[in-house]
Each structure stands twice: as structure tokens, then as C-alpha cells.
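Undergrad: Attaching a predicted model along with its sequence, questions to come.
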Amino acid sequence: MIKVRNLTKKYGNHLAVNNISFDIEAGKIYGLLGPNGAGKSTTMNILTGCLAATSGEVKIGGHDIFEEPTEAKKHIGYLPEQPPVYDEMTPREYLMFVAEVKGVPFEKSLRHVKEVMQLTQIYDVRNRLIKNLSKGYRQRVGIAQAMIGEPDVIILDEPTVGLDPAQIIEIRNLIRKLGRIKTVIISSHILAEISAVCDHVIIISHGNIVANDTLEHLEAEASRDNAIVLKLRGEKEKAERFISAVKGVVSAEYSVEGGIVTAVITAQSGIDIREDLFNIFASAKMPVLDMHTNETTLENIFLDLAYVSDERSAKDYHLDTESGKNPSASDDTRDEHAEEDDYYEDEKESKKGKDADDDYKPLFSSSDDEEDDE
Amino acid sequence: MIAIFKREFKSYFLNMSGYVFIGVIWLVSGIFSTMLNFLSQYASYEYVLSNLMIVLIFVVPILTMRSMAEDKIAKTDMLLYSLPVSTAQIVIGKYLAMLGVFGVACLGLGLTPIIIGMFGEVNFTSAYSALLGFYLLGAALIAVCTYVSSLTTNLLAAAVGGIVTVLGIYLISSIVGMLPTSAFVSLLCFMVVAVLLAAIVFYLTRNYILTGAVGALTLIPLIIAYAMNSEAFTSLFPKTVERLALFDRYYSFISGIFDVGAIVYYISFAVFFIFLTVQSFDKRRWS
């Protein structure tokens, strides 16, 4: 459906998208995942013809977006980061306008617009001015706009930003529904967002694709090398000696805090070393305070790929681990938006001045107070 | 394109700008025709239009300021870029909407000669051809101000920029008239214009070869022509500017002459600036 080849975008000296290539197949839901400023919005803007690329090729349904833009754009519906709605129009007028520009015949568009409004649940507010609608409704009007004209591919840039939890669930359901009949591409910096609805994940970091696979594959990949976290009372040197003696241990990292040794042990895949560990420390009379497998979740992969690939970020990542504020250690990857966002904001802080803030947008921001930053 | 025209046209009447634009034109036209046609009893509506020209300096930028700048502010330009229409269609749709609003204003003005006609003899052909000239003059000014609006993302800057530009166009022939009429000064002025042209080309394309080509193609013939016949350059620049000044060309309409040359000039002027606006709108995607 969409073919992207060697796509590069430079803003002056800042490389926003670095020579990326990927394919989008019909009938799947794709997730574009990456931290703020990774190049997600830039990529989406290029795919939809809103931004020109420095070099590379984008083909949509066989049409080059740069050479036959009008033909290529007929296949796309796009919701940019901020819903591109006209404040002085009502949702119904607005959608009728979009339908007309997309070339939907008038008689058909009456029914079509009504259907889309019902699907996105904005039918009740159809005759109110968009400027009087809440952020959530504006967002849904934006999604409705993308669905008008039944395009083959619907591209949604951070579709759930600024919505309340109930609305987020509604939008996710809507995206799933869309995914049954269309190709959908959504972007997000929140993993839970992507893993909740997508079949296929493309992780972008610093303008590069660091992973491009199905969710199942990525999860399978992740669970292969599970680490064991062990907490002991005793001396570090002793613990080190015992652990290295256990058969199957590949590597271990140690830290000491208040007489308690924490060891993160990686074992060979397929070997369960937990019993051996228990026995050896029991006979050595070193009490095991805690032992659990630190399951590598998608969250970890995301953080590893998106952050640790960058040396600077790797440092931040470990700093956070030591201060006990590591979201990757949590078992439940979903529904932890608050913690994640804290983390990303720290990340952002630490990188300030290095990266352009073009992708950065706080959660629950209102569109009214946002200044144009270009 | 039709959809964009309709939406834009309606939008001028959903906020103040359309009403302000039409209202001010009608108000000033009413004041002048009361003064000139009814109190001073001139049977010619053309005099009213010649005074109304000055009003255009201030109302055209009010009409055009939103045209290109507001989309960028409200981020609705993203919608337009992602829709299956070309940038030329978008810009032309917007421009036609403004021409439509100005057309409504001019239709209203068209009533005045009829009213004057009730009380005396009016040369309707001359009055309406002057009105047509007025409409086309406005169309050319709207095109320039649309281009100014496409350069900024600030409504106030678009309005002020528009006023300054139109005022400049209004005053340019008087300013140039103050320059010495010697051949050498004329040559220098032409060269400055050529360099400015090359600078604009560079700003639009960032292409050194094209810029160089434009610069060379304008400067070299100028110098050759000057070397061959420097006499011909005497006061050539002021004369050229006078021929090119939008407002000066309008005076022939007021004196009752249907100036086809001026009409062609106004239309080509508008087309040129709409072309530049399309380029500027397209260029935004690169930044």
C-alpha cells in the first residue's frame, strides 16, 4: 500500500528523519512508536504530502507523493498532531467541506458525513461551532475528517493526546473498528497506546527505524533473555562468588544499598537457575529477601531501542534505574501513563538544546494556548 | 477548488472582515457621492471612484490578512496540504473568494450611478467602465496583499505589511518622480531592480544557478543597451515606473477612457502575484 524508500528530512543541520525505508501493507494497523522528537510527526507529514522530503521516495497505492500528489493523496486520510479544524464552522459544515474537496458527490456525501459522524460519536454536536467544542470532540472531528471519502489508508498522529481515559478507550475501539476495513497508521510516544491496538510496530528513534516487526515477534524476542533480580543480605564479594559459581549464569550486575545486595542476573535461555540460587544461598546462610524474574516487556524493548541506542540517553536510563524510578522494572506495561510521561519529560529535559522540540507536546494540552513554534 | 472558494467566501461573512471591508467601501462611496454628486452636482461617478481608490489602501489588507496567514496559525494548512487538491487550486480558490467579496462590494457601488441617473444625465458607459477598472485595480491589489499574507504567520504583520505595500505602490510614481532624470541614474535604478529580482528568485528557490541566470539575463542586456544608446535611458526609469504603477494607470478610467492596456496590465499583475503566492504556499512545506 505504502512504500517508503531512503526517506531523509533535514531541518537545516538537524537530521529529523535519517534514510528510513519501510512498507505498509493493506488491512493492518501500524503503530509508529518513538520518544518525543524522534521524527514520527515528520515522517507522517511527509507521507501525507504536508512536508517535502530532503531526499527519498514515498509511493502510495503506486503513486509517488512528490510527483503525483493529487492521485496519491486520494488514498489518504490524515489527522495531524493538532486537529486541522476551522473554528467558525460546525462539524457538519466542516465535514461536508472536506467531502466536497475529496470529490465525494453531494447526494452521497450527505449520508456519508452522517455515517462518519455517528461512528466518531460527534453526531450530537454536529450543529455547534467547532470553537465551542472540547478538545476531545475537536480531536474526534479531526478523526472524522480523516475518514471522509473512505480513503484506503488512515494516518492518525497521536490520536488520543488530550483525551480523557474514557475517550481514549472509545478512540481505541474506533481505531480497531477502522482497522478491520482499512489500513491504519497511528503514532504515539506511549507504548500502551500502540500495543493496545496495533498489529505491527515501527519504533523510531532519532530519525532512525530501530525496530520494525509484529507485536508478537517483538514480544517473543523480548522474553528470550529474562533477567532475575535477587536481593540478599550479606557482602557483595561473597554474593558475587556464589552467583558466578551457579551453572548457567551469563552475566550479573550488582549494587549495594544498606547491607542489601541487589543482583540482576542474566542466565542462558532455557535454564532455570532459581532453585540453584536458592539452595546455594540457603547453605551459605545468606537470606534471600526477594527474587523475581524481571520480565523483559515490550516496554523494556522500547526503552532499550529508543533510548539506550543513544549513548546519552543510556546514561539517563541508568541514572533513573539507580534512583529507583525505572519504569522498565514495572511488570505492568499498560495504564502507567503518568509514570511514563514523567519519565519522558525527564528525558526531554536532559536533551534540551540538542534536539528540536518539534515533536514535543504535553499531555492534556489545550489547543488554544499553543503558540506557533516555527 | 470550488469547495475551497465556497468555504472561504462564507468565512468572510462568519467573521468581521467581510462586513468591515464591504461596509467601509460603501460608507466612503456614500460620503463622496453625497458630496460630489448630490451637493456639488457633478454627474460623474468616476470622481467618487478616484477618491475611493485611497480607501483601498486600507481595506484591501483587512480583507487579505487572514487569507494565507490564518491557515498557518490554526494549523488548517495541514488539512489543505493533505487533501487531494493542488496548492495552485487552493490559492486560486482563496483568491477567487476574495474577488467574490470585493465583487459584492462593487455590485453595491454599481447602484450609485443608477441613483444619480434618477436626478440627471449620467454617462453610464463611462461610469461602469470606471467601476470595472476599479474592480480590476482592487483585484491586482488583493493579489499583492495575498502574497504578503502568505509570507507571515501573524495577522497583524500581514495587515501592516499589506498596507505598507499598497501605500508604496500608491506613492511610488511620486517618489520616483523626485529622482534625477539623467540616463545614468535610470540605469542604476534598473540595475537595483534587477538585483532585487534576483534576490527574490533566490529567496524562492535557493538555487544559485537560477539566481545567477536571472541576474545575468537582466543586468547584461541593461548594460549593453546603455553602452549602445545611453540617450534612450534619459528619464526612462520614472516613465517605466509610471507605466507600471497600478494607481496611475487608473486615471485614464476616470477621464472616461476605457484603457484596455491597463486592464491587461492589472490582470497580468494579479496573475503574477498569485503565482508567487502559490510558490510561497508550496515553499512552506520545505521549511
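TA: Looks like it arrived, so ask away.
Undergrad: How much space separates A:Gly37 from chain B?
TA: 17 Å (Cβ to the nearest Cβ, to the nearest Å). Where you see a C-beta, it was placed from the backbone N, CA and C, and this is true even at glycine.
Undergrad: What count of nearby residues applies to that residue?
TA: Around A:Gly37 there are 24 other residues, counting by other Cβ atoms under 10 Å in any protein chain shown.
Undergrad: okay, and for chain A, where does confidence drop off?
TA: Residue ranges of chain A with pLDDT under 70: A:221-226, A:294-301, A:305-374.
Undergrad: can you check chain B too?
TA: For chain B, applying pLDDT under 70 flags the ranges B:287.
Undergrad: OK, contacts around the residue of the stretch 151-300 of chain A found nearest chain B?
TA: Nearest residue of the stretch 151-300 of chain A to chain B (Cβ to the nearest Cβ) works out as A:Ile155 at 8.5 Å. Neighbour list for A:Ile155: A:Met44, A:Leu47, A:Thr48, A:Ile76, A:Gly77, A:Tyr78, A:Leu79, A:Ala146, A:Val184, A:Ile185, A:Ile186 [criterion: Cβ atoms under 8 Å, 6 or more residues apart in numbering or on different chains].
Undergrad: Any idea what it is bridged to?
TA: Beta-bridge partners recorded for A:Ile155 (DSSP bridges): A:Tyr78, A:Ile185.
Undergrad: still on that earlier bit, adding neighbour count, write the contacts of A:Ile155 out as a markdown table.
TA: A markdown table is the format used below for the contacts of A:Ile155 (neighbours: other Cβ atoms under 10 Å in any protein chain shown):
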| residue | neighbour count |
| --- | --- |
| A:Met44 | 24 |
| A:Leu47 | 25 |
| A:Thr48 | 28 |
| A:Ile76 | 25 |
| A:Gly77 | 27 |
| A:Tyr78 | 27 |
| A:Leu79 | 28 |
| A:Ala146 | 29 |
| A:Val184 | 28 |
| A:Ile185 | 26 |
| A:Ile186 | 28 |
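Undergrad: quick check, nearest of those to B:Phe273?
TA: A:Thr48 (28.4 Å; Cβ to Cβ).
Undergrad: from memory that closest one sits against A:Tyr78, does it?
TA: Yes - counting by Cβ atoms under 8 Å, A:Thr48 touches A:Tyr78, with 4.2 Å between them.
Undergrad: what residues are shared contacts of the two?
TA: Common neighbours of A:Thr48 and A:Tyr78, counting by Cβ under 8 Å, 6+ apart, are A:Ile155, B:Ser82.
Undergrad: so where do the helices sit in chain B?
TA: For chain B, helices defined by DSSP state H occupy the ranges B:2-14, B:16-33, B:46-74, B:77-82, B:87-109, B:111-119, B:124-150, B:155-177, B:183-205, B:208-228, B:236-244, B:246-254, B:260-283.
Undergrad: which parts of the fifth one are buried?
TA: Taking 16 or more other Cβ atoms under 10 Å in any protein chain shown as the basis for neighbour counts, the residues of helix B:87-109 that come out buried are B:87-102, B:104-106, B:109.
Undergrad: Name the residues of chain A found near chain B, please.
TA: A:11, A:45, A:48-52, A:69-71, A:73-74, A:76-78, A:80-82, A:84-89, A:97-98, A:100-103, A:145, A:372, A:374 (Cβ under 8 Å from any Cβ of the partner chain).
Undergrad: now A:Val58, nearest residue through space, not along the chain?
TA: Ranked by Cβ to Cβ, 6 or more residues apart in numbering or on different chains and with sequence neighbours excluded, the top spatial neighbour of A:Val58 is A:Ile65, at 4.4 Å.
Undergrad: List the contacts of that neighbour.
TA: Contacts here follow Cβ under 8 Å, 6+ apart; on that basis A:Ile65 touches A:Ile46, A:Leu47, A:Thr48, A:Gly49, A:Val58, A:Lys59, A:Ala72, A:Lys73.
Undergrad: Among those, name the buried ones.
TA: A:Ile46, A:Leu47, A:Thr48, A:Gly49, A:Val58, A:Lys59, A:Ala72, A:Lys73.
Undergrad: These in strands, which ones?
TA: A:Val58, A:Lys59 (DSSP state E).
Undergrad: Can you name every helix or strand that the longest helix anywhere in chain A contacts?
TA: If you go by DSSP H, chain A has its longest helix at helix A:165-181. Packed against helix A:165-181, as judged by 3 or more Cβ pairs under 8 Å, 6 or more residues apart in numbering or on different chains; DSSP states H and E, are the following elements: strand A:29-33, helix A:135-147, strand A:183-188, helix A:191-197.
Undergrad: Quick one: closest of those to A:Ile280.
TA: Distance to A:Ile280, taken as Cβ to Cβ, is lowest for helix A:191-197 among the helices and strands packed on helix A:165-181, at 36.7 Å.
Undergrad: which helices and strands sit right next to the next helix or strand after the closest one?
TA: As assigned by DSSP states H and E, the chain's next helix or strand after helix A:191-197 is strand A:200-205. In this structure, strand A:200-205 makes packing contacts with strand A:29-33, strand A:208-214, helix A:215-223, judged by 3+ Cβ pairs under 8 Å, 6+ apart.
Undergrad: mind redoing it with 6 Å?
TA: Under the contact criterion of 3 or more Cβ pairs under 6 Å, 6 or more residues apart in numbering or on different chains; DSSP states H and E, strand A:200-205 touches strand A:29-33, strand A:208-214.
Undergrad: strands paired with it, and their directions?
TA: Assessed with DSSP bridges, strand A:200-205 is paired to strand A:29-33 (parallel), strand A:208-214 (antiparallel).
Undergrad: most neighbours per residue, which of those?
TA: strand A:29-33 (a mean of 25; mean count of other Cβ atoms under 10 Å in any protein chain shown).
Undergrad: so how far is it from its chain's centroid?
TA: 7 Å (Cα atoms, centre = their mean, to the nearest Å).
Undergrad: residues making contact with it?
TA: Strand A:29-33 is contacted from outside by A:24, A:40, A:179, A:184-187, A:194, A:197-203, using Cβ atoms under 6 Å, 6 or more residues apart in numbering or on different chains.
Undergrad: Now restrict the residues you listed to buried residues only.
TA: The neighbour-count criterion (16+ other Cβ under 10 Å) marks A:24, A:40, A:179, A:184-187, A:194, A:197-198, A:200-203 among the contacts of strand A:29-33 as buried.
Undergrad: Show me which residues of the stretch 1-150 of chain B are close to chain A?
TA: Listed as neighbours of chain A in the stretch 1-150 of chain B under the rule Cβ under 6 Å from any Cβ of the partner chain: B:3, B:7, B:14, B:75-76, B:78-79, B:81-86.
Undergrad: Neighbour-wise, give me the winner out of those residues.
TA: Using other Cβ under 10 Å as the neighbour test, the residues of the stretch 1-150 of chain B next to chain A are led by B:Leu83, with 29 neighbours.
Undergrad: neighbours of the residue lying closest to B:Gly212 once chain neighbours are set aside, just the number please.
TA: Closest residue to B:Gly212 apart from its sequence neighbours, by Cβ to Cβ, 6+ apart: B:Ala198 at 7.9 Å. Residues near B:Ala198, counting by other Cβ under 10 Å, number 20.
Undergrad: Distance from stretch A:152-166 to the middle of the chain?
TA: Counting by Cα atoms, centre = their mean, stretch A:152-166 comes out at 12 Å from the chain centroid.
Undergrad: Kindly report the same for stretch B:195-205.
TA: Relative to the centre of its chain, stretch B:195-205 is centred 20 Å away, using Cα atoms, centre = their mean.
Undergrad: Just want the angle from the longest helix of chain A to helix A:135-147.
TA: 10 degrees (axes from the mean of the first three to the mean of the last three Cα atoms, to 10 degrees).
Undergrad: Identify whichever of the helices and strands packed on helix A:165-181 lies nearest to B:Tyr47.
TA: That would be helix A:135-147 among these, by Cβ to Cβ, at 50.6 Å.
Undergrad: Of all the helices of chain B, which one is nearest A:Ala252?
TA: Nearest of the helices of chain B (Cβ to Cβ): helix B:77-82, 50.8 Å.
Undergrad: Can you give me every residue that contacts residue 93?
TA: All of this is about chain A. Counted by Cβ under 6 Å, 6+ apart, A:Glu93 has zero contacts.
Undergrad: actually it's chain B I care about, not the one you picked
TA: B:Met1, B:Ile4, B:Phe5.
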